[in-house]
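In: this is a predicted model, with the sequence first.
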Amino acid sequence: MAARIARLLVLPLVLGLLFAGALIASGQIVLPPRWDPFAPFDLAEEPGFLTRFKFARARGDGDLCRAALARSGIAFERVPDRATGEGCGFTDAGRTATAGATRLSSPVVLTCRAALSLAMVERHALGAAARTHLGAPVTRVEHLGTYACRNINHAASGRRSRHATADAIDISGFQLADGRRLTLTADWSSAEPGRAAFLRAVRDAACRWFDVTLSPDYNPLHYDHFHLDVGGGRACR
C-alpha cells in the first residue's frame with residue numbers, strides 16, 4: 001500500500017517537472033541564467049546547483065565549449081583535426097597561451113574540453129588559493145606539455161595516454177606576482193608555511209573539474225608535476 005501511494009505521489013511530480021522543463025526549453029518560462037539549465041555556460045558564474053550539468057553540457061559540445069571560452073575572453077585558436085598515429089591525434093582542439101586568465105609558460109594545444117576544465121580551476125580556485133596561502137596572485141602557470149603521441153607513463157606498450165589526444169596537461173609550477181616561484185619538485189613537501197598548502201589546494205580543485213588528477217602523492221613518476229586530463233576514467237590522487 002505504501003509503495004502504491006508513493007508511486008501516486010511521485011508520478012504527478014515527475015510529470016510536473018517534465019512540463020516545466022518543456023516550458024523553459026520553449027522559452028515560455030524565462031529563468032535567470034543561473035537557474036536556467038539551458039542557458040549558456042558562464043565561467044564567471046559562481047558554482048551552484050546547476051553548474052555541473054551546464055559544465056558537462058558545454059564540455060561535451062565543441063561549439064558550446066568554444067563559446068564559453070570566448071565569452072570569458074579566453075583566446076582559443078582552433079587548429080585542424082589531426083591523426084598522427086595509432087590512437088594518436090585530436091579533434092576539436094585549439095592553441096591557447098593561458099590557463100583561464102593566467103598566462104602559461106608557453107602556448108599549448110589542448111582540446112576545448114580540457115581548456116575549459118583548466119579555465120575553471122584558474123577562475124574558481126587558483127587565485128583564491130594563492131591569496132589564502134601565499135598572499136600574492138599567480139601570474140604564470142608552468143607546464144611540461146600537452147599533446148604527445150605516447151603511452152601512459154611513456155611505456156613501450158599498453159594504453160595510450162590522454163596526452164595522445166591533447167586531453168591532458170602536466171603542470172609543474174607557478175610564478176607569483178611578488179617574484180616567488182613554486183615548483184612541485186621543491187615545494188610539495190616544503191616546510192615553508194603556505195607553499196605545500198597552496199599546491200594541495202590546487203590539486204584538490206583540479207580534482208573537481210578534471211576527470212583525472214594525479215599529483216606527487218600518486219607515484220614517483222609524478223614527483224614533479226600535476227597530471228590533469230579529461231575523457232578517461234576517474235581518479236584524484
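Out: Arrived safely, thanks for sending. Numbering: from 1, shown residues only.

In: CA only for contacts and neighbour counts going forward, please
Out: Noted.

In: how about residue 35, nearest residue that isn't a chain neighbour?
Out: Excluding the flanking residues, the one nearest residue 35 by Cα to Cα, 6 or more residues apart in numbering is residue 50, at 7.0 Å.

In: my bad, should have said residue 157
Out: residue 151 (6.7 Å).

In: ok, the one you found - contacts?
Out: 157, 158, 159, 160, 161, 164 (Cα atoms under 8 Å, 6 or more residues apart in numbering).

In: circling back: pretty sure the residue nearest to residue 35 sits against residue 33.
Out: No: with contact defined as Cα atoms under 8 Å, residue 50 does not count as touching residue 33 (10.2 Å).

In: in stretch 157-172, what counts as buried?
Out: Across stretch 157-172, burial judged by 16 or more other Cα atoms under 10 Å covers 160-172.

In: okay, the residues you listed in JSON lines with distance to residue 203 and pLDDT next?
Out: Formatted as JSON lines, the buried residues of stretch 157-172 follow (distance: Cα to Cα, whole Å; pLDDT from 0 to 100):
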{"residue": "160", "distance to residue 203": "23", "pLDDT": "96"}
{"residue": "161", "distance to residue 203": "20", "pLDDT": "97"}
{"residue": "162", "distance to residue 203": "18", "pLDDT": "98"}
{"residue": "163", "distance to residue 203": "19", "pLDDT": "98"}
{"residue": "164", "distance to residue 203": "22", "pLDDT": "98"}
{"residue": "165", "distance to residue 203": "22", "pLDDT": "98"}
{"residue": "166", "distance to residue 203": "20", "pLDDT": "98"}
{"residue": "167", "distance to residue 203": "17", "pLDDT": "98"}
{"residue": "168", "distance to residue 203": "15", "pLDDT": "98"}
{"residue": "169", "distance to residue 203": "13", "pLDDT": "98"}
{"residue": "170", "distance to residue 203": "12", "pLDDT": "98"}
{"residue": "171", "distance to residue 203": "10", "pLDDT": "98"}
{"residue": "172", "distance to residue 203": "12", "pLDDT": "98"}
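
In: in strands only, show me those.
Out: 168, 169, 170, 171, 172 (DSSP state E).

In: name the element the residue nearest to the spatial centre of the chain belongs to?
Out: The chain has residue 117 as the residue nearest its centroid, 1.7 Å off, counting by Cα atoms, centre = their mean. Residue 117 belongs to helix 112-121 when assigned by DSSP states H and E.

In: residues in contact with the nearest residue to residue 197 once chain neighbours are set aside?
Out: Among residues not flanking residue 197 along the chain, residue 133 sits closest, at 6.6 Å (Cα to Cα, 6+ apart). Residue 133 makes contact with 193, 194, 195, 197, 198 under the criterion Cα under 8 Å, 6+ apart.

In: the first one: neighbour count?
Out: I take that to be residue 193. 10 (other Cα atoms under 10 Å).

In: and stretch 83-97, which residues are buried?
Out: So for stretch 83-97, counting by 16+ other Cα under 10 Å, buried means 87, 88, 89, 90, 91, 92, 93, 94, 95, 96, 97.

In: ends of stretch 120-132, how far apart?
Out: 18 Å (Cα to Cα, to the nearest Å).

In: buried residues in it, which are they?
Out: Per 16+ other Cα under 10 Å, stretch 120-132 contains these buried residues: 120, 121, 122, 123, 124, 125, 126, 127, 128, 129, 130.

In: swap in stretch 102-111?
Out: Here stretch 102-111 shows 102, 103, 104, 105, 108, 109, 110, 111 as buried, counting by 16+ other Cα under 10 Å.

In: possible to save the residues you listed as a markdown table with distance to residue 212, pLDDT and secondary structure?
Out: As requested, those are exported to a markdown table (distance: Cα to Cα, whole Å; pLDDT from 0 to 100; DSSP: H, G, I helix; E, B strand; the rest coil):
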| residue | distance to residue 212 | pLDDT | secondary structure |
| --- | --- | --- | --- |
| 102 | 22 | 98 | strand |
| 103 | 22 | 98 | strand |
| 104 | 20 | 98 | strand |
| 105 | 22 | 98 | strand |
| 108 | 19 | 98 | strand |
| 109 | 18 | 98 | strand |
| 110 | 15 | 98 | strand |
| 111 | 15 | 98 | strand |
